[in-house]
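Undergrad: Task: produce atomic coordinates for the following.
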Amino acid sequence: MKTHAFLALSLCTVALFSACGSSQESAYRRAYEKAKAQEQKNATQTVTVAPAEKQEVTPVATTPVVVEEDNTPVRTIPGGVTVVNGEPLKAFSVVTGSFINQTNAEGMMTTLRNRGYAARVVKTNETISGHTGWYRVIASSFDSKAQAVQSKNTLRDTYPDAWLLSR
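TA: Next up is the predicted model:
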């Protein structure tokens, strides 16, 4: 008896759920048709736009602004630096790498020289992260800060952490 009641209840449930599906579909269809009709109605209407008034434009005299001061940060290394490989440093240098190992520094120097830079390696006596005696790779060195900044900006594409060193 229980199985007959269960089967009858299951059959009623299936019939109930199958009847709901078609009404949802027709509701979606009606909404779609209504939106499509509204869109066609809007497409057939034309909008007339009045021409804009012409306004006279008066040119403004501009004067170029000359920036006297460059705010690019420059670092100095306490205790100075010693050139290990390459030409002596000038007033401003572009540093592209810092290494504990001299071989790694010279590898970067060779890469820079192959790209046309007058690269050199210098040794410092500074202590960073518990290590003393860092090797810095200098890509280029200049007498003026403006030239050094320009070189640093060019190198930033390849070496995003490049920075300026002042002696």
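
Undergrad: Look at V94 and give its secondary structure.
TA: strand (DSSP: H, G, I helix; E, B strand; the rest coil).

Undergrad: ok, which stretches of this structure are strands?
TA: 74-75, 81-85, 92-99, 120-124, 127-128, 131-132, 135-142, 163-166 (DSSP state E).

Undergrad: Need the ones you listed in a markdown table (columns: mean pLDDT, mean neighbour count and distance to K34).
TA: Quick note: C-beta positions are derived from backbone N, CA and C, even for glycine. Shown next, in a markdown table, are the strands of the chain (pLDDT from 0 to 100; neighbours: other C-beta atoms under 10 Å; distance: least, C-beta to C-beta, whole Å):
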| stretch | mean pLDDT | mean neighbour count | distance to K34 |
| --- | --- | --- | --- |
| strand 74-75 | 88 | 12 | 70 |
| strand 81-85 | 90 | 15 | 79 |
| strand 92-99 | 95 | 22 | 66 |
| strand 120-124 | 95 | 22 | 77 |
| strand 127-128 | 84 | 11 | 71 |
| strand 131-132 | 87 | 10 | 75 |
| strand 135-142 | 95 | 24 | 69 |
| strand 163-166 | 93 | 18 | 65 |
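
Undergrad: Would you check that N125 makes contact with G79?
TA: Yes: the pair N125 and G79 qualifies as a contact (C-beta atoms under 8 Å) at a distance of 4.2 Å.

Undergrad: coming back round to it: let's have the strands of the chain in CSV, adding distance to Q150.
TA: Compiled in CSV, the strands of the chain are given as follows (distance: least, C-beta to C-beta, whole Å):
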stretch, distance to Q150
strand 74-75, 14
strand 81-85, 22
strand 92-99, 10
strand 120-124, 19
strand 127-128, 28
strand 131-132, 32
strand 135-142, 9
strand 163-166, 11
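
Undergrad: how far away is the residue nearest to A91 when sequence neighbours are not counted from G86?
TA: Here the nearest residue to A91 in space, its sequence neighbours aside, is D143; by C-beta to C-beta, 6 or more residues apart in numbering that works out to 5.3 Å. Noted for D143: a distance of 17 Å to G86, by C-beta to C-beta, to the nearest Å.

Undergrad: same question, Q38
TA: Applying C-beta to C-beta, the value for Q38 to G86 is 76 Å.

Undergrad: out of those two, which sits in the busier spot?
TA: Neighbour tally, Q38 and G86, criterion other C-beta atoms under 10 Å: the higher count belongs to G86, 17 against 10.

Undergrad: Which pLDDT value goes with the more buried one?
TA: G86 is assigned 87 on the pLDDT scale.

Undergrad: Quick check: bridge partners of the residue lying closest to it once chain neighbours are set aside?
TA: Residue nearest to G86 in three dimensions, not counting chain neighbours: R120, with 2.4 Å by C-beta to C-beta, 6+ apart. Judged by DSSP bridges, the bridge partners of R120 are I138.
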